[in-house]
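Participant: Pasted the sequence and its predicted model underneath.
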Number of protein chains: 2
Amino acid sequence: MWKSALCRVVLIDDTDYPGFCRVILNRHEPEMTDLAVNERQAMMRVVFAVESALRHLINPDKINLASLGNVTPHVHWHVIPRWREDRCFPNPIWGLAQRTDVALPAKIDLSILRKALAEQLGEPIVSRERSFP
Amino acid sequence: MWKSALCRVVLIDDTDYPGFCRVILNRHEPEMTDLAVNERQAMMRVVFAVESALRHLINPDKINLASLGNVTPHVHWHVIPRWREDRCFPNPIWGLAQRTDVALPAKIDLSILRKALAEQLGEPIVSRERSFP
């Protein structure tokens, strides 16, 4: 959805949590405090830009932010829109499911999300793979 | 453990997760993007100071950071030291327990944690309750 020299924003294809994004550090570091102070700020600016874009686009009941990395100790942030009627609410998405067969009405328009991030963060850098004709 | 005009750091008395702290916004707002940009930065600076202090003091295998607020939609950050042999690892602490009867050796010295936070963040403000003789 967006990319800088520091990190990238990826939309997770999770039907239980439409709009679920990850902000992933490009280089490898396990913890936020392994980054320089200005890099931490830059990364959180991206996390909050995603939160802001999702709130405007799909208006969830809550946003959950988390940097865990127990399985993959590489800095990445989960930005998870939550609805009162979603699969696990009010539990974290890693907790016990509260209901089944949930189909949330929220639809993510990829081009609108990309545009909302570029407006807040500037144009993304184009990755080498994508610049191939 | 520490307090400013914006937020406060509280040590949670959780024997399963020694060193578990919360950083709690003083005024009421549900989401990080409800704060001004400089307030978000100031709050994250406190979160990262707690992470840094805990890494130095008790050297956990991983730090988990999370701002969820599904039950209490008031901005607060969980800063959770994790060990490979803790109750739920590698699951989030809200996920399924993996083992029982865990007693982690990490001990938190309150005065050392307070000092580590003050060194990074400056002296805490003294709350009115505490200033009573």
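Facilitator: All right, it came through fine. Numbering: from 1, shown residues only, chains lettered A, B, ... in the order given.
Participant: What distance do you get for the residue sitting nearest the centre point of chain A to A:P60?
Facilitator: Central residue of chain A (Cα atoms, centre = their mean): A:C21, 2.6 Å from the mean position. From A:C21 across to A:P60, the span is 12 Å (Cβ to Cβ, to the nearest Å). Just so you know, the C-beta spots here come from the backbone N, C-alpha and C atoms, and that holds for glycine as well.
Participant: In this structure the residue nearest to the centre of chain A contacts A:V79, no?
Facilitator: Yes. If you go by Cβ atoms under 8 Å, A:C21 and A:V79 touch, sitting 4.6 Å apart.
Participant: so what sits against both of these two?
Facilitator: Common contacts of A:C21 and A:V79 (Cβ atoms under 8 Å, 6 or more residues apart in numbering or on different chains): A:50, A:54.
Participant: Now for the closest residue to A:R84 other than its chain neighbours, how many residues are close by?
Facilitator: Nearest residue to A:R84, sequence neighbours excluded (Cβ to Cβ, 6 or more residues apart in numbering or on different chains): A:D61, at 5.1 Å. Counted with other Cβ atoms under 10 Å in any protein chain shown, the neighbours of A:D61 add up to 15.
Participant: ok, A:D61 touching A:R82?
Facilitator: Yes. Using Cβ under 8 Å, A:D61 makes contact with A:R82 at a distance of 6.0 Å.
Participant: Now do the shared contacts for those two.
Facilitator: Counting by Cβ under 8 Å, 6+ apart, the residues touching both A:D61 and A:R82 are A:F89.
Participant: Report whether the longest helix along chain A contacts chain B.
Facilitator: Longest helix of chain A, by residue count under DSSP state H: helix A:37-58. Yes. Interface with chain B: helix A:37-58 contributes A:40-41, A:44, A:48, A:51-52, A:55 (Cβ under 8 Å from any Cβ of the partner chain).
Participant: Just put the residues you listed in JSON lines and tack on pLDDT.
Facilitator: Shown next, in JSON lines, are the residues of helix A:37-58 next to chain B (pLDDT from 0 to 100):
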{"residue": "A:R40", "pLDDT": "98"}
{"residue": "A:Q41", "pLDDT": "98"}
{"residue": "A:M44", "pLDDT": "98"}
{"residue": "A:F48", "pLDDT": "98"}
{"residue": "A:E51", "pLDDT": "98"}
{"residue": "A:S52", "pLDDT": "98"}
{"residue": "A:R55", "pLDDT": "97"}
